[in-house]
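In: Here is a sequence together with a model predicted from it:
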Amino acid sequence: AQKVTQAQTEISVVEKEDVTLDCVYETRDTTYYLFWYKQPPSGELVFLIRRNSFDEQNEISGRYSWNFQKSTSSFNFTITASQVVDSAVYFCALSFPGGSYIPTFGRGTSLIVHP
Amino acid sequence: SQTIHQWPATLVQPVGSPLSLECTVEGTSNPNLYWYRQAAGRGLQLLFYSVGIGQISSEVPQNLSASRPQDRQFILSSKKLLLSDSGFYLCAWEQGLNSPLHFGNGTRLTVT
């Protein structure tokens, strides 16, 4: 079955610490897409990044970086020098042709950054 | 620019009452539309999705229904609410498959 596992339910850090959110996925398809979304306390999910299965280059955007490794079926998200505003629930998602490209979400990781 | 509107923001309804949540998208045409529910455990459960007017796919059998009367309008309904229908309902759209989803602000529904 195609699915997304975010094993970390909640992570608590102190401001300026680096933190990595794990995402492990399962799919039989060779073509698929991976996403990360952020849900701040206000509730609206915000898109952060999309990566297709043929692009294993890591990506950096400011303090955010993503490490995609097909060998371990992981798409991990690292926040460098965390800030209080990073406090949110973060979701990893997968879409694939076998599922009509309907996104499947992980259960989310709640990140709490203390000042 | 594209925007998505979802209302109401909060709703308290008694068990057995009807429900109607509305979602509209502006600034795009023929979007794929989604309804998700987020219960206390935080996971996102896909309820319905639509690839066009009148085309609704249901992911979970339940007492909820969805309709898409216009290209950019997506409505979630129920004839009789259950306590288990309480949750945070999110509408989302995408412009084509594999595009990022854009979410509305959500409706927090409490069934009493």
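Out: Cool, the structure landed.

In: which residues in the chain form strands?
Out: Let's take chain A. A:3-5, A:10-14, A:19-21, A:24-26, A:33-39, A:46-52, A:59-61, A:64-69, A:74-79, A:88-95, A:104-105, A:109-114 (DSSP state E).

In: That was the other one, I meant chain B.
Out: B:3-7, B:10-13, B:19-26, B:32-38, B:44-52, B:55-58, B:64-70, B:73-78, B:87-94, B:102-103, B:107-111.

In: Now render those as TSV, adding mean neighbour count and distance to A:T78.
Out: (Glycine included, C-beta is placed from N, CA and C.) Shown next, in TSV, are the strands of chain B (neighbours: other CB atoms under 10 Å in any protein chain shown; distance: least, CB to CB, whole Å):
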stretch	mean neighbour count	distance to A:T78
strand B:3-7	17	29
strand B:10-13	13	35
strand B:19-26	18	33
strand B:32-38	24	25
strand B:44-52	19	23
strand B:55-58	14	36
strand B:64-70	16	37
strand B:73-78	20	35
strand B:87-94	23	26
strand B:102-103	22	24
strand B:107-111	18	31
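
In: now the ones you listed as a markdown table including distance to A:I112?
Out: Conversion of the strands of chain B to a markdown table gives the following (distance: least, CB to CB, whole Å):
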| stretch | distance to A:I112 |
| --- | --- |
| strand B:3-7 | 27 |
| strand B:10-13 | 24 |
| strand B:19-26 | 30 |
| strand B:32-38 | 18 |
| strand B:44-52 | 20 |
| strand B:55-58 | 36 |
| strand B:64-70 | 32 |
| strand B:73-78 | 31 |
| strand B:87-94 | 19 |
| strand B:102-103 | 22 |
| strand B:107-111 | 21 |
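
In: export those to CSV and tack on distance to chain A and mean pLDDT?
Out: As requested, the strands of chain B are exported to CSV (distance: least, CB to the nearest CB, whole Å; pLDDT from 0 to 100):
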stretch, distance to chain A, mean pLDDT
strand B:3-7, 9, 94
strand B:10-13, 11, 96
strand B:19-26, 13, 96
strand B:32-38, 8, 94
strand B:44-52, 4, 93
strand B:55-58, 8, 91
strand B:64-70, 14, 95
strand B:73-78, 15, 96
strand B:87-94, 6, 96
strand B:102-103, 4, 96
strand B:107-111, 8, 96
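
In: thinking again about what came up before, of all the strands of chain A, which one comes closest to B:L90?
Out: With CB to CB, the closest approach to B:L90 among the strands of chain A belongs to strand A:33-39: 9.3 Å.

In: now the closest one: mean pLDDT?
Out: Mean per-residue pLDDT for strand A:33-39: 96.

In: and it, C-alpha only, in CSV?
Out: Extracted in CSV, the C-alpha atoms of strand A:33-39 (Å, rounded to 0.1, in the frame of the first residue of the first chain):
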residue,chain,number,x,y,z
TYR,A,33,5.6,13.3,-6.1
LEU,A,34,6.5,14.3,-2.6
PHE,A,35,5.3,17.4,-0.7
TRP,A,36,5.7,19.2,2.6
TYR,A,37,3.1,21.5,4.1
LYS,A,38,3.1,23.7,7.2
GLN,A,39,0.0,24.2,9.3
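
In: and that strand with strand A:64-69, angle?
Out: Here strand A:33-39 runs at 150 degrees with respect to strand A:64-69, directions being taken by axes from the mean of the first three to the mean of the last three CA atoms, to 10 degrees.
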